[in-house]
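Enquirer: predicted model and sequence follow; I will ask about them next.
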Amino acid sequence: MQRSKYIKRILKAILFIALLVIFTEVLNAAFELDENATEGMLTAYSHVEDIDTVFIGNSVGEMMDADMYSELTGTHAFNMCTPSQSMEISFRNLSMAASHHNIKNAIVLMSLDMVNADDYSGIEQLYDRVIDSSSPWYERMVVSLKRKYKKSVSSDMFNTEESINVFIPWQNETAHGWENISGNLKRRFDRIINNEPLGKDIAFDLNSVKYERVPGDLNNEDLDTLNADIGTASSLDSPAGVISPDNMRRLAKMCNFCKNNGIKLKVIVTPHRTDYFERYAAFREYSEITSSYLNDFISKRGQMYYNTEDDPELHDILPDRYFYDQEHLGDENFDKSTVYLDEVIRNMDINNE
């Protein structure tokens, strides 16, 4: 009799866990950000055979027309910029492109807020979903669990709340909002019904590696310099959190990766409208400090930096009417921004000779 009660308790526990997992997965589907931009970019990437120049960064970088830039420069360029792309995802895009192609030039196109501490914590999970979608389902499960376990218990970030959120992504900033649950679920189920799984048009397993590259790991000397630089950031006359130590580590790793692999790295703060600071009021006070810090941080590591705000002709070349908000150009003006950024990149090379 006692044994029967014990078995029942175990079965109830298993049932509870199963229902909790199902409930969690439904919420994940309901709240997860729309991955269309990431899926579209990586699908296009998987079909390109030759890339030697890659653009990485957040949504402001979409103003660079890679095909037009390739024609202007005789290169084979591809734009991997996507909305809310974090420094971590930018580095992963760069290292992935370098594993599949002989990358010679990497250009980070970013807004200054890309280096602060306010990353979308759900972007990496969204990115992982698309990356892993090109692998068989059983490999996706193994890779996903390994990645989540490693991130959850890694010594540099172990934190009860964050570690749990790795497994329950709807707890973080991937949420659209309650009012969008029905629409999000409908989109998910429509894909299932129409047999259009995530990543269905991706041409090959994006986790595959074709070329060996030296990793971006930092040696003791690099780490000492990095820690000194991060310490300097904390003493700057700017609000706390403006310059994220984690993002500085990622940027240092990116610089090191490019240096070790013979890749020219250029970091460019992209053009914006003259009323930009009305939206980001605090930037008016610390933008010059942040930009100066980044210039020193990047040039010290043998790479190049430029802030288009320092160009006195910027707003004559790209007037406010070209922008549909404070920092994004309308698609119809991408040709103008591409020509402008091409000139910026050429001048950076000339000044670095």
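Expert: Yep, it's here. Numbers count the residues shown, from 1 in each chain.
Enquirer: now M41. Nearest residue, chain neighbours left out?
Expert: Computed as CB to CB, 6 or more residues apart in numbering, the closest residue to M41 that is not its neighbour in sequence is T82, at 5.5 Å. Where C-beta positions appear, they are placed from N, C-alpha and C, glycine not excepted.
Enquirer: distance of that neighbour from D52?
Expert: 21 Å (CB to CB, to the nearest Å).
Enquirer: out of the two, which sits in the more crowded spot?
Expert: T82 (27 against 16; other CB atoms under 10 Å).
Enquirer: assess the claim that the more buried one and T38 are in contact.
Expert: Yes. Here T82 reaches T38: they are 5.3 Å apart, a contact under CB atoms under 8 Å.
Enquirer: burial measure for the nearest residue to G330 once chain neighbours are set aside, as a count.
Expert: What sits nearest to G330 in space, not counting adjacent residues and going by CB to CB, 6+ apart, is Y324, at 4.8 Å. The tally of other residues near Y324 (other CB under 10 Å) stands at 13.
Enquirer: got the phi/psi numbers for Y324?
Expert: phi -100, psi -10 (degrees, to the nearest 10).
Enquirer: what of R273?
Expert: Main-chain torsions, R273, degrees, to the nearest 10: phi -80, psi 160.
Enquirer: pLDDT at it, what is it?
Expert: R273 is assigned a predicted lDDT (pLDDT) of 88.
Enquirer: what do you get for I263?
Expert: 96.
Enquirer: distance of it from I56?
Expert: Where I56 is concerned, I263 sits at a distance of 12 Å (CB to CB).
Enquirer: ok, C258 next?
Expert: From C258 to I56 the distance is 11 Å (CB to CB).
Enquirer: and F334, by the same measure?
Expert: With distances taken as CB to CB, F334 is found 17 Å from I56.
Enquirer: who's more crowded, the two?
Expert: Between F334 and I56, counted using other CB under 10 Å, I56 has the larger neighbour count: 27 against 16.
Enquirer: bridged to the more buried one, which residues?
Expert: I56 has these beta-bridge partners by DSSP bridges: V108.
Enquirer: next one, pLDDT for it please.
Expert: pLDDT, read off for I56, is 97.
Enquirer: pull the contacting residues for it.
Expert: M80, C81, Q85, S90, N93, L94, A106, I107, V108, L109 (CB atoms under 8 Å, 6 or more residues apart in numbering).
Enquirer: tell me if the fourth one really is in a helix.
Expert: Yes. With DSSP: H, G, I helix; E, B strand; the rest coil as the criterion, S90 is assigned to a helix.
Enquirer: which residue is the nearest non-sequential neighbour of it?
Expert: Using CB to CB, 6+ apart, the nearest residue to S90 is I56, at 4.2 Å.
Enquirer: what's whichever strand or helix holds I298 packed up against?
Expert: Per DSSP states H and E: I298 is located in helix 283-299. Counting by 3 or more CB pairs under 8 Å, 6 or more residues apart in numbering; DSSP states H and E, the packing neighbours recorded for helix 283-299 are helix 220-234, helix 245-260, strand 264-269, helix 276-279, strand 304-307.
Enquirer: looking at the ones you listed, which one is packed in the most?
Expert: Stretch with highest mean neighbour count among those: strand 264-269 (a mean of 23; mean count of other CB atoms under 10 Å).
Enquirer: between that one and helix 283-299, how many degrees?
Expert: 170 degrees (axes from the mean of the first three to the mean of the last three CA atoms, to 10 degrees).
Enquirer: specify the angle between strand 264-269 and helix 245-260 in degrees.
Expert: Using the same axes, to 10 degrees, strand 264-269 lies at 150 degrees relative to helix 245-260.
Enquirer: what packs against strand 264-269?
Expert: By 3+ CB pairs under 8 Å, 6+ apart, strand 264-269 packs against strand 105-110, helix 245-260, helix 283-299, strand 304-307, helix 334-352.
Enquirer: so what strands line up beside that strand?
Expert: Strand 264-269 is paired, per DSSP bridges, with strand 105-110 (parallel), strand 304-307 (parallel).
Enquirer: give me the distance between the longest one and the centre of its chain.
Expert: Just to be clear, that refers to strand 105-110. Centroid separation for strand 105-110 versus its chain: 12 Å, with CA atoms, centre = their mean, to the nearest Å.
Enquirer: quick check, distance from the next helix or strand after it to the centre of its chain.
Expert: The C-terminal neighbour of strand 105-110 among helices and strands, as given by DSSP H and E, is helix 123-132. Relative to its parent chain, helix 123-132 has a centroid offset of 10 Å by CA atoms, centre = their mean.
Enquirer: against which helices or strands is helix 123-132 packed?
Expert: Packing partners of helix 123-132 (3+ CB pairs under 8 Å, 6+ apart): helix 36-46, helix 87-100, helix 137-153.
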